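Trainee: coordinates only, sequence not included:
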């Protein structure tokens, strides 16, 4: 298994498929396994790279200082994989990591997809993540995982995927570190705000969000579209925060059309 090392942190990553390089960055859960429902379709078109962010999965279980720190981790992973440049698709926190890397390491990305993310930590987000943190600290990882599924997946999908929801919750319980480390991940995304610099992003950018996303409401995505020159967007009527998992065929088509279109 490939491992990149940056300072005292070991970062797990893996590669699958053939074609242009496409890196997938997961959300607050931080593990590359988030993208499992999309791999079959994406690896038909791209060499897909996934990674576990620091504090999660098989990477070092250590605190996070900032989104910018995890963006530097991402660049270190690219160096380890021999990637001078790649396309990047990030979900939620993973999209913020991609935005930071695009700003701090210009030239490393040839295209960017921002999927269900935030531009800043506003009062709404602080309330939602504050409650997630309190549940993790007070009730434990199982309750945290159950609350997380309510935030990520819309009611119609939960009602028709009971066994899948139970499996996701069990996986969440093994992928995260202790509450203290997870709290630093909450702080990192809440403190992230690069809005004044977004007009500097000069690569093809697509912004994707579902109308019924209650964890990262669409107004954040709309702000990305306003502030990044030439940014395109795609809004889906339903699918929740985890659109790539609840409506994988739809999401895969959006991503494949965007990224393959760049090489046409």
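Mentor: Now that the structure is in, tell me what you want to look at. What you are looking at is a predicted structure, and each value in this text was computed from that prediction instead of being measured.

Trainee: Skipping adjacent residues, who's closest to residue 176 in space?
Mentor: What sits nearest to residue 176 in space, not counting adjacent residues and going by CB to CB, 6 or more residues apart in numbering, is residue 182, at 5.7 Å. In short, each C-beta sits where N, CA and C put it, glycine included.

Trainee: Identify the residues contacting the one you found.
Mentor: If a contact means CB atoms under 8 Å, 6 or more residues apart in numbering, then residue 182 has 55, 133, 136, 176 as its contacts.

Trainee: quick one, phi psi at the third one?
Mentor: Here the main-chain torsion angles of residue 136 (degrees, to the nearest 10) amount to phi -60, psi -50.

Trainee: So it sits against residue 146, correct?
Mentor: No: using CB atoms under 8 Å, residue 136 makes no contact with residue 146, being 11.3 Å away.

Trainee: More neighbours: those two, which one.
Mentor: Looking at residue 136 and residue 146 with other CB atoms under 10 Å, you find the greater number of neighbours at residue 136, namely 22 against 16.

Trainee: Counting neighbours, what do you get for residue 145?
Mentor: 23.

Trainee: And it, how close does it get to residue 241?
Mentor: The spacing between residue 145 and residue 241, counted by CB to CB, to the nearest Å, is 15 Å.

Trainee: Where do the strands of the chain begin and end?
Mentor: Applying DSSP state E to the chain gives strands spanning 3-6, 9-17, 21-25, 47-51, 86-91, 109-115, 205-210, 232-236.

Trainee: Show the contacting residues for the nearest residue to residue 211 once chain neighbours are set aside.
Mentor: With CB to CB, 6+ apart as the measure, residue 237 is the residue that lies nearest to residue 211, at 5.3 Å, once sequence neighbours are left out. For residue 237, the contact set (CB under 8 Å, 6+ apart) comprises 210, 211, 212.

Trainee: What count of nearby residues applies to the second one?
Mentor: If I follow you right, that is residue 211. 12.

Trainee: which residues touch it?
Mentor: When the contact criterion is CB under 8 Å, 6+ apart, the partners of residue 211 are 218, 235, 236, 237, 238.

Trainee: Check the offset of the least confident helix or strand in the chain by mean pLDDT from the chain's centre.
Mentor: Least confident helix or strand of the chain, by mean pLDDT, DSSP states H and E, is helix 162-175 with a mean of 87. The offset between the C-alpha centroid of helix 162-175 and the centroid of the whole chain comes to 18 Å, using CA atoms, centre = their mean, to the nearest Å.

Trainee: Stretch 64-83 too?
Mentor: Taking the mean of its C-alpha atoms, stretch 64-83 sits 14 Å from the chain's own mean (CA atoms, centre = their mean).

Trainee: same check, this time on stretch 122-131
Mentor: Here the centre of mass of C-alpha atoms in stretch 122-131, compared against the chain's by CA atoms, centre = their mean, lies 18 Å away.
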